[in-house]
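In: 3D, please:
(chains A and B)
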Amino acid sequence: AQSVTQLDSQVPVFEEAPVELRCNYSSSVSVYLFWYVQYPNQGLQLLLKYLSGSTLVESINGFEAEFNKSQTSFHLRKPSVHISDTAEYFCAVSVRSGGSNYKLTFGKGTLLTVNP
Amino acid sequence: DSGVTQTPKHLITATGQRVTLRCSPRSGDLSVYWYQQSLDQGLQFLIQYYNGEERAKGNILERFSAQQFPDLHSELNLSSLELGDSALYFCASSLLGASFYGYTFGSGTRLTVV
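Out: Now for the predicted structure:
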């Protein structure tokens, strides 16, 4: 069975500092990878995804993630964070669960806190 | 607004009771997923429906059940509630039954069992 490990449960950083949120997955088959963000008192929103092609994917708000097949990782990075980036970030893997059906499995989340 | 509507937003009930959570998927999406989010367990997949039929089952307790109606809205029924059932319950939807484009999540129902 596939699993997702987010290595850090909490990451505190100062505003304008770079950040990396780590994610590793275990799967012996092809996967699709996602990062979701959850702002306080809200549902999860899709931040970016890797389906195929270029291993570096970007979001509209400056985050990027790189798919590394050999290391089974999909770390999320941002070169300079803002206070508004404070949120919980979830890494997820989508694997075929039967027939043409896929299922998302989420990591436990990383709480990013950006301090002034 | 994500397009996925969940009601109610908050629910407080006593142990032993039964509640129903409702979800309307985004327009055009046929698949509905239910997740439970708690501090100790994280985000746990409960069950998936596709066009009215159960498609996949996760860590859903026997006290919990769900269904998807012909208009595609879904309900999650939680019975014989225990304190440990207190959590955020999310509904998500996707086009068809494939999630390789990701899900669209609702804003959740916060259930508190007292």
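
In: continuing past the one helix or strand in chain A whose mean pLDDT sits lowest, what's the next helix or strand?
Out: Every helix and strand of chain A was ranked by mean pLDDT, DSSP states H and E. The lowest is strand A:101-106, at a mean of 79. Sequence order places strand A:110-115 as the next helix or strand after strand A:101-106, per DSSP states H and E.

In: returning to what we had before: how about the least confident helix or strand of chain A, does it reach chain B?
Out: Yes - judged by C-beta under 8 Å from any C-beta of the partner chain, strand A:101-106 comes into contact with chain B at A:Asn101, A:Tyr102, A:Lys103, A:Leu104, A:Thr105, A:Phe106. Backbone N, C-alpha and C define where each C-beta goes, glycine included.

In: Just send these back as TSV, with distance to B:Asp29 and neighbour count too.
Out: Listed next are these as TSV, based on distance: C-beta to C-beta, whole Å; neighbours: other C-beta atoms under 10 Å in any protein chain shown:
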residue	distance to B:Asp29	neighbour count
A:Asn101	14	16
A:Tyr102	14	23
A:Lys103	15	21
A:Leu104	14	25
A:Thr105	20	21
A:Phe106	19	20
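
In: Show me the shaky parts of the chain.
Out: Reading this off chain A. Applying pLDDT under 70 to chain A flags residues A:1-2, A:28, A:97-100.

In: wait, I meant chain B there
Out: Chain B contains residues with pLDDT under 70 at B:97-100.

In: Show me what from chain A comes close to chain B.
Out: A:32, A:34, A:36, A:41-46, A:49, A:51, A:90, A:94, A:97-98, A:100-109.

In: partners of the least confident helix or strand of chain A in the sheet?
Out: strand A:87-98 (antiparallel) (DSSP bridges).

In: now the partner strand: how far from the chain's centre is it?
Out: In terms of C-alpha atoms, centre = their mean, to the nearest Å, the centre of strand A:87-98 is set 8 Å apart from its chain centre.

In: what's it in contact with?
Out: When contacts are defined by C-beta atoms under 8 Å, 6 or more residues apart in numbering or on different chains, strand A:87-98 is touched by residues A:2, A:4, A:6, A:21, A:23, A:25, A:27, A:29, A:31-40, A:44, A:47, A:74, A:76, A:102-107, A:109-112, B:43, B:56, B:99-100, B:102.

In: Out of the residues you listed, which end up buried?
Out: Using 16 or more other C-beta atoms under 10 Å in any protein chain shown as the burial test, the contacts of strand A:87-98 include A:2, A:4, A:6, A:21, A:23, A:25, A:27, A:31-38, A:44, A:47, A:74, A:76, A:102-107, A:109-110, A:112, B:43, B:56, B:99-100, B:102 as buried.

In: in what helix or strand does the residue most central in space within chain B lie?
Out: The centroid of chain B falls nearest to B:Trp34 when counting by C-alpha atoms, centre = their mean (3.2 Å). Element membership for B:Trp34, per DSSP H and E: strand B:31-38.

In: Give me the secondary structure label for B:Gly84.
Out: helix (DSSP: H, G, I helix; E, B strand; the rest coil).

In: number of nearby residues for it?
Out: B:Gly84 has 12 neighbouring residues, counting by other C-beta atoms under 10 Å in any protein chain shown.
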